[in-house]
Structures are given as structure tokens and as C-alpha cells.
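Novice: One predicted model, sequence on top.
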Amino acid sequence: MKRAAAFLAVLAAALAVPAAALEPLPAVLHVHSDLSTGDFSLEQLAGMAERQGVGALLVTENYLLRVEYGLPPFRALTRAVYQARSVLDAGVDHFLARVAQARASNPRVLIVAGVEVLPHYFWSGSPLTLDMTAHDTQKNLLVFGLDAAALRALPVTHNPVMGHYGWASALDALPVALLGPGVVLLARRRRALQPVGRVVVVVTRRRWLPGALLCAVGTTALVRGWPFTLEPYPPYRDPGLAPHQDLIDYVDRTGGVTVWSFPEARDEGQQRIGPVRVAWRTPPYPEALLRTSHYTAFGAVYEDTTHVERPGAGWDRLLGQFASGDLSRPAWAVGESGFHGFSAGKDLDTIRTVFLVEERSERAVLAALKSGRMYAVQGARETELVLAGFTARAGPVSATSGETLRVAAPTPVAVTVDVEARGAPAGDLRVSLVKNGAVVAVWTGPAPIRAVHRDVFDGAPSFYRLDARGAGRLLSNPIFVKRAGEASR
């Protein structure tokens, strides 16, 4: 019995060690360089990050920025295309090589290669009515942790490797058949009688105009339609979230990470192309967090008003479902920058995600992202809040963000909070401790705020998380508390 007790004591102490061995790595997540729609090169971004105390950049170059529309029944022949610079233009291998080159040029800043993916968009209206709208062109996911082969095969609209054949393929290829008669008309001479003064002579002529017209149409159809494959989800109907879930499942199977991007941001606008009004519209989509599964995280703190992370809202519902065993994994919160350049009034380091890592490597960052070992922070007026400590402890056993504290019931639990401020004086802060979607403790005053909330675990699965506001913003990921011996999912 004594040996068993000693073993359990050593095991409990070991469980409490990992959090202390982790180091904070300030990172900027969702950054674009001039490889896609950003203003700066990767090397310039790394230099800026180093000067601002940022240790890692999670770049998210646009994977494939292409929007098109074609009139039925020959959509390939009649389609108009808008395409902006993106990863697939130069190829996945070129993108990964440029990231490796930038890493080598400044090893003090870790660059993690990722892509921003538009899985699907759809049209309403028609150019025939002079009014059309592209929907969901900013309902995007960020993808990290895939190798070149997996990146090339992402299941997204307009990725050539995703095409299949169907009856519409034959319809799109039908105009190519005009090449045959066009060539015949150009090659064959037609005999005709032509009066010349009082004499009628026999002449031979090629039918240049109809032959050239048929060849032009057939060649255009061949070039624009090749290889005549069809989209799994064509952009002419709304399939809901199925394309997004397909992408999430694909990335999950291949060992990568998906992050829902800016779920409460709004994007809309319009312009006229000749007489046609072309609009684009992506309304906020926080419901996507509840209606999809197996993604890793979502943008919870960014330069916009958000609601999903407020006490009792959508995020707490998801965390409660995981705690009770109804979901196989939680959804983690990250800070999302969306930095392209200074023209939008943004700075590179305003929004950060601070990862708690075992080492400064891509592997460690992705492991922290998958396990929820990070917190989101928004700086303000040269002040940045720092989560110096956040643990739940029961006797010798403790857990921190992303971890699960497993104890018997009933057991006293102490939640320790330590929020500091770096830079200019922060003024008064309001630090709220949220348990199961309800605020159970609030501390106010100047930084640092160090406090302990004492609770009793009654056996019902629960979770704690922090939300600090004042000069800036800080949002932690949750600590779960479950009964010892309860099966993990």
C-alpha cells in the first residue's frame, strides 16, 4: 500500500510539471505576404516581427482566389473569370520553398506555412437581369500543417485536381465539334460561276468567314473548357456548409489544422461591369461554428465586434458539449490578425496569439494549437496584457489552458489567475472568470491582478476560462474538470 501511495504521489506530481516547462511564444496568426495579397515580402514581415517582439508568424497565403460565372448551357465557353494572386498560381512547391528561404534568412522568427482557403461560393441573379451577387466569398478557413502533396489536393472550388466528369462535361465539350466543319470549310474549295464582262468563268473559293468563325468558336471552347471536368460543388447553387465540412474532414484526415476565419466579420460591396451590377456579400457566420465539427479553432479576438465568445454564447455551448461528452473535441480560441499591410490601418502586432510551447518549432506550435495551449490578446495604446498564470489545482494535481483536471468528487478546486500588463500603464482591468458559460468571479483594478477562486468539484463535468478587458483584451482557452476515471473522448 505504501508503494502504491508513493507511486500515485509521484504520478500526480508529474502531471503538474508540463505546464511549468512550457515557454510563451508570441505569434501573429493570419498574415499575408506578397506571395498572395500582402504588401510585404516574407523577409520584410519577419524583420518587422522581430522588432516588435513577435516570435512567430503563421502566414496564410490565399490558396486559390478565383471567381467565375458562365451562362448555361455552355458555361465553360461563356464564363468570365476574376483571379487574384494566390498560391496555386506559382505552385505549392514554390510557396513552401519561399517559406523555407525566409526562415533561413531570419531564424529568430519562426514562420509557419499556412493557406487561407475559400472552399465554396455561389451566385444569385443573372447577367441577363443586369443584377447578380456572389455569396460567401469570405467564408474562409485557415489551414496549417499539411505537406505539399496534401496541399495540392485541397477539396475547394476551382482546384483542377478535384474535377469529375458528367453530362455537363459533354455539353461543355459540344462546341469543340465545330472545329471539324470549320476546318472542312477552310480546306475545301467551292466551285462557282462568276461573270466577267460578257464571259462566265469557273472560280474556286474557300469559305473563309464561316470556316474561321466555326474554328474560332471550337478552339475557344477547347481552351476554356479543357479538361471539361465539373466541380463537386458548382458555384451556381448553395450547398450550405457541406464544402466547408469536406475541407475540414480532409485536413483532419491528413493531420493538419483548420481555423474558422473571422466568423463574425461582414464583407460586402458592389461595382458595375458595363450595365451589370455585380455585388459580393458574406454576412457574419457564427452559426458555422455550431454546425460543423472537427475543426481546430476559430478567430475569437480580432479588430471587430464579436459575440460568440461572450459568456453563455456559442463558444460556451460548444465547450459544454465537449465537457459533457457530446463532442469529440473542443473548439479553441485564437487571436486573428488578417494583416495584409498598413493601408487598412492595421499594425502587424495588434492581435497576437501566445502559444505555450515546449520548443520554438513548427511542430511545437501546431501541437499547442491542436491542444489549446494558447491565449489571444489584443494590444491597445502600447499596452499588452499578459497571462502570467492560469491553473486549476486540486491537491498536487493541476491543469492549465487546454488541459483537463481529473479528480474525485467532491474535491476542492482552486483556480489561480495572474494577469499582468506590459508596456505603457494599463489602467484598470476587469478580469472575469467564466465557469460553464456563467461569470462566477470578477476582479477589477490596475495590473497585475492576482487572485484565487475556490470552488468544489461536484462530479459534473465543467470548464473555466478567463476574459480580461481594459487597455486591450485577453481571452484564455478553457481548463476542463472531469471526474477521475471518466473515459476520455
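Specialist: In hand now; what should we look at?
Novice: Walk me through the domains of the chain.
Specialist: Structurally, the chain divides into domains by automatic domain parsing as follows: 16-156+239-378, 167-225, 380-489.
Novice: These: lowest mean pLDDT?
Specialist: Note on the domains of the chain: lowest mean pLDDT is at domain 167-225, with a mean of 75.
Novice: That one: how far from the chain's middle?
Specialist: Domain 167-225 has its C-alpha centroid displaced from the chain centroid by 50 Å (C-alpha atoms, centre = their mean, to the nearest Å).
Novice: going forward can the numbers begin at 552, since that is how I track them
Specialist: Yes, from this point I'll number from 552; that puts the last item at domain 718-776.
Novice: isn't residue 649 right next to residue 585, touching?
Specialist: No: assessed by C-beta atoms under 8 Å, residue 649 is found out of contact with residue 585, at 9.9 Å. (Each C-beta comes from the backbone N, C-alpha and C, glycine too.)
Novice: Name the residue in these two with the higher neighbour count.
Specialist: residue 649 (21 against 17; other C-beta atoms under 10 Å).
Novice: show me what contacts the more buried one?
Specialist: Counting by C-beta atoms under 8 Å, 6 or more residues apart in numbering, residue 649 makes contact with 586, 593.
Novice: Mind listing what's buried along the helix or strand containing it?
Specialist: Using DSSP states H and E, residue 649 maps to helix 643-656. By 16 or more other C-beta atoms under 10 Å, the buried positions in helix 643-656 come out as 643, 646-647, 649-650, 653-654.
Novice: Just the helices from the stretch 552-701 of the chain, written as ranges.
Specialist: 553-566, 569-572, 593-602, 626-629, 638-641, 643-656, 699-703 (DSSP state H, counting those that start in this stretch).
Novice: Would you confirm that residue 870 contacts residue 1014?
Specialist: Yes: using C-beta under 8 Å, residue 870 is in contact with residue 1014, at 5.2 Å.
Novice: any common contacting residues for these two?
Specialist: residue 1029.
Novice: Assumed residue 984 was part of a helix.
Specialist: No: judged by DSSP: H, G, I helix; E, B strand; the rest coil, residue 984 forms no part of a helix; its state is strand.
Novice: Tell me who's in contact with residue 803.
Specialist: 809, 845-846.
Novice: And for residue 1005?
Specialist: By C-beta under 8 Å, 6+ apart, the neighbours of residue 1005 are 963-966.
Novice: I'd like to know how far it sits from residue 967.
Specialist: 10 Å (C-beta to C-beta, to the nearest Å).
Novice: Following element in sequence after whichever helix or strand residue 871 is part of, please.
Specialist: Take DSSP H and E as the rule and residue 871 turns out to sit in helix 865-874. Using DSSP H and E, the next helix or strand after helix 865-874 towards the C-terminus is strand 883-886.
Novice: Give me the contacts around that next one.
Specialist: 580, 810, 847-853, 860, 866, 902-904, 920, 923, 925, 927-929, 953, 1026, 1028.
Novice: now it, how far from the chain's geometric center?
Specialist: Taking C-alpha atoms, centre = their mean, the mean C-alpha location of strand 883-886 is offset from the chain mean by 12 Å.
Novice: continuing past that strand, what's the next helix or strand?
Specialist: strand 902-908.
Novice: Mind giving me the packing neighbours of that next one?
Specialist: strand 574-582, strand 883-886, helix 913-922, strand 925-929, strand 934-945 (3 or more C-beta pairs under 8 Å, 6 or more residues apart in numbering; DSSP states H and E).
Novice: partner strands of it, parallel or antiparallel?
Specialist: Pairing partners of strand 902-908, with direction, according to DSSP bridges: strand 574-582 (antiparallel), strand 925-929 (antiparallel).
Novice: winner for burial among those?
Specialist: Of all these, strand 925-929 carries the top mean neighbour count, a mean of 26, counting by mean count of other C-beta atoms under 10 Å.
Novice: That strand relative to helix 913-922, how many degrees between them?
Specialist: Going by axes from the mean of the first three to the mean of the last three C-alpha atoms, to 10 degrees, strand 925-929 is angled at 90 degrees with respect to helix 913-922.
Novice: Can you show me the CA trace of strand 925-929 as CSV?
Specialist: C-alpha atoms of strand 925-929 as CSV (Å, rounded to 0.1, in the frame of the first residue of the first chain):
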residue,chain,number,x,y,z
MET,A,925,-2.5,29.4,-26.1
TYR,A,926,-4.4,32.6,-25.4
ALA,A,927,-5.5,35.5,-27.5
VAL,A,928,-4.5,39.1,-26.8
GLN,A,929,-5.4,42.5,-28.4
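Novice: Please state the offset of it from the chain centre?
Specialist: Worked out by C-alpha atoms, centre = their mean, strand 925-929 lies 17 Å from the chain centre.
Novice: ok, now which ones touch residue 693?
Specialist: 580-581, 609, 611, 665-668, 809-810, 812.
Novice: Helix 913-922 and the helix holding residue 649, what's the angle between them?
Specialist: Going by the same axes, to 10 degrees, helix 643-656 makes 110 degrees with helix 913-922.
Novice: picking that back up, can you redo the strands paired with strand 902-908 as CSV with distance to residue 936?
Specialist: Formatted as CSV, the strands paired with strand 902-908 follow (distance: least, C-beta to C-beta, whole Å):
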stretch, distance to residue 936
strand 574-582, 12
strand 925-929, 6
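Novice: mind checking which of these is nearest residue 634?
Specialist: Closest approach to residue 634 among the strands paired with strand 902-908 is made by strand 574-582 (21.5 Å; C-beta to C-beta).
Novice: what sits up against that closest one?
Specialist: Under the contact criterion C-beta under 8 Å, 6+ apart, strand 574-582 has outside partners 589, 596, 600, 604-611, 661, 667, 693, 810, 812, 850, 885-890, 899-900, 902-909, 911, 916, 919, 937.
Novice: Go again with 7 Å.
Specialist: Outside strand 574-582, the residues that touch it by C-beta atoms under 7 Å, 6 or more residues apart in numbering are 596, 600, 604-611, 693, 812, 885-890, 899-900, 903-908, 911, 916.
Novice: Of those residues, keep whichever come out buried.
Specialist: Counted by 16+ other C-beta under 10 Å, the contacts of strand 574-582 give 596, 600, 605-611, 693, 812, 885-890, 899-900, 903-908, 911, 916 as buried.
Novice: Next one: residue 990 from residue 863, what distance?
Specialist: 9 Å.
Novice: Show me where the stretch 752-901 of the chain has its helices.
Specialist: Counting by DSSP H, counting those that start in this stretch, the helices of the stretch 752-901 of the chain are 759-776, 793-804, 838-842, 865-874.
Novice: Specify the stretch among these that is closest to residue 707.
Specialist: For the helices of the stretch 752-901 of the chain, the distance to residue 707 is smallest for helix 793-804, at 6.4 Å, taking C-beta to C-beta.
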